[in-house]
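*Asks:* Pasting a predicted model and its sequence here:
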Amino acid sequence: MTGTGSFLIIVGFDGSEHSRAALTWALDEAHRRNGQLRLVTAWNKPAMAWYPAVLETAAGEIAAEESPEHIARSLQEDALKSAENAGVPAAGRLVDTHSPASAILDAASDADLIVIGSRGHGGFPGLQLGSVSAQVVNHAECPVLVVHSKA
């Protein structure tokens, strides 16, 4: 339990359908428990990448591609707005890392619960549990709820 007496829920959020379902569940639980959320969004700049990438479209126009950090920041801002609209106190943490699971586990050192989606953007569509979810479940020091989307 957190020192403030408020129930703290960590949410791993990457904008995927499953993480959105996890956010919805966590918002409802935080509301019921008069708790708060800490949203963790991990991002990483791929090796050998040059950002911002500039692309030429088929019509000959120039378009700039957003960086992974900018995309992660935008996703997290939208999630924080959802929490604000639900009346749930929330803070965000953007982490530049190769290991989203480690970022979630580090953020959960004082948490009462971790809520994550069963899968993120990567991997294989048929898997019931992605690698990040599996790592968090196996290494967390607090309860973990894994949420599947309805689709």
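*Replies:* Done, it's in.
*Asks:* drop to CA atoms for contacts and neighbour counts, all remaining ones
*Replies:* Fine.
*Asks:* For Glu69, grab the count of nearby residues.
*Replies:* Number of residues near Glu69 (other C-alpha atoms under 10 Å) recorded here: 17.
*Asks:* so what does the helix or strand it falls within touch, helix or strand wise?
*Replies:* Assessed by DSSP states H and E, Glu69 sits inside helix 68-86. Applying 3 or more C-alpha pairs under 8 Å, 6 or more residues apart in numbering; DSSP states H and E, we find helix 68-86 packed against helix 17-33, strand 36-43, strand 90-96.
*Asks:* Name every strand pairing with the shortest one and say which way it goes.
*Replies:* Each strand pairing with strand 90-96, determined using DSSP bridges, is listed with its direction: strand 36-43 (parallel).
*Asks:* coming back round to it: let me have the helices and strands packed on helix 68-86 in a markdown table, extended by mean pLDDT, distance to Ala108 and mean neighbour count.
*Replies:* Below are the helices and strands packed on helix 68-86 laid out as a markdown table (pLDDT from 0 to 100; distance: least, C-alpha to C-alpha, whole Å; neighbours: other C-alpha atoms under 10 Å):
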| stretch | mean pLDDT | distance to Ala108 | mean neighbour count |
| --- | --- | --- | --- |
| helix 17-33 | 95 | 14 | 20 |
| strand 36-43 | 95 | 9 | 24 |
| strand 90-96 | 95 | 11 | 17 |
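*Asks:* Would you format these as TSV with distance to Ile104 included?
*Replies:* Compiled in TSV, the helices and strands packed on helix 68-86 are given as follows (distance: least, C-alpha to C-alpha, whole Å):
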stretch	distance to Ile104
helix 17-33	13
strand 36-43	6
strand 90-96	9
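*Asks:* These: which one's closest to Gly130?
*Replies:* helix 17-33 (10.6 Å; C-alpha to C-alpha).
*Asks:* chain center to the closest one, what's the gap?
*Replies:* Average the C-alpha atoms of helix 17-33, do the same for its chain, and the two points are 12 Å apart (C-alpha atoms, centre = their mean, to the nearest Å).
*Asks:* For Val137, find the nearest of the helices and strands packed on helix 68-86.
*Replies:* From those, taking C-alpha to C-alpha, the stretch that ends up closest is helix 17-33, at 14.4 Å.
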